[in-house]
Every structure is written in C-alpha cells, then in structure tokens.
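*Asks:* Fold the following.
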Amino acid sequence: MADEDHHETFEQASAGASLTFPMQCSALRKNGHVVIKGRPCKIVDMSTSKTGKHGHAKVHLVAIDIFTNKKLEDLSPSTHNMDVPNVRRMEYQLVDIDDGFLNLMDDAGTPKDDVKLPEGDVGAEIQSQFDDGNEITITVVSAMGEEHALSWKPTPAGK
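*Replies:* Numbering: from 1, shown residues only. The predicted structure follows:
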C-alpha cells in the first residue's frame, strides 16, 4: 500500500508539468518564452518577413536564454509550431548558504537546498545580504528541468 501512495504523489507532482507546449510561431509575442536550440528563452525581439509569391512568411526571433543570458536567434515559418517552455517562478526565504548552494524554505516551511548560489552580481549581492544578517527572499525560476536563482529582495516584515 505504501508504494501505491508514493506512486500517486509522484503522478500529482507531474500532472500538467510537461516541459514544453507547442505554439504557432505567429502567436508568439515579445517578452513571451520560446525554446531555441533546446534552451528556454525570453523573446526580446521578433519580426515577420513576407517572402515571394509562393513562399511562406517567416518569423525572426531574437531571444535571451533565461538561465545563461546568452542571445539566441531563430528563423521559422510563421505557420510552424515552436516549443514554449513552461516557466515557473517561486519565491523562497533564504535560510543559509552552504558550499555554494542556497538553503531555501517556501511559505509552507518546506526546505529546498538544490539551488546553486548564482554567479556574478546577483550571487555576490545575495552573499553580501546574507553575511550582513538581512532576511531576504529569493526568486527561483524553473523551466525544462533547470532551476536558477534569478533575483532577491528584502523579506517583507512579519514573514
């Protein structure tokens, strides 16, 4: 019986949580998300070009990888489907920083300790705020099986 319970919990956790869903190119919008070269990206610019008499309109997408901030481009017929990543944003309270990983806790008190301290300015700011003893909230973005601490802000009083 215990095994069945665990199995059901797993099913609920993944219900509707497919990594991507298809969307027609012409329906994509700036500031939306799209998968380019297998990476979840935010669209920063897009343009549609009309082609010759029998050609198809093409959509030129310029997007930034939401995890690496690398710029990626793609050109696709407007009638074709492209994958759009399911992007989730969650906020966690920072409890500790341990060996390059953030020890986080959600509103329900559930611990999460598998998010890396980000590199660069954001990581340095988080470390500095933590070292100063400030209570901060970390925004974690997850898409396509990857997670990343995107930003931080002071935790509101009374949390």
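
*Asks:* Could you point out which residue ranges in the chain have low pLDDT?
*Replies:* 1-17, 52, 158-159 (pLDDT under 70).

*Asks:* can you pull out the strands in it?
*Replies:* In the chain, the segments counted as strands under DSSP state E are 20-24, 33-36, 39-49, 58-65, 71-77, 81-85, 88-98, 101-105, 111-116, 136-143, 146-154.

*Asks:* tell me the most buried of the ones you listed?
*Replies:* Each of the strands of the chain was assessed for mean neighbour count using mean count of other CB atoms under 10 Å. The highest is strand 33-36, with a mean of 21. Yep, even glycine has a C-beta here, placed from its N, CA and C like the rest.

*Asks:* Give me the contact list for that strand.
*Replies:* 20, 23, 28, 40-43, 61, 63, 66, 72-74, 82-85, 87, 143-144 (CB atoms under 8 Å, 6 or more residues apart in numbering).

*Asks:* and with 6 Å instead?
*Replies:* Contact with strand 33-36 is made by 20, 28, 41-43, 63, 72, 74, 82-85, 87, as judged by CB atoms under 6 Å, 6 or more residues apart in numbering.
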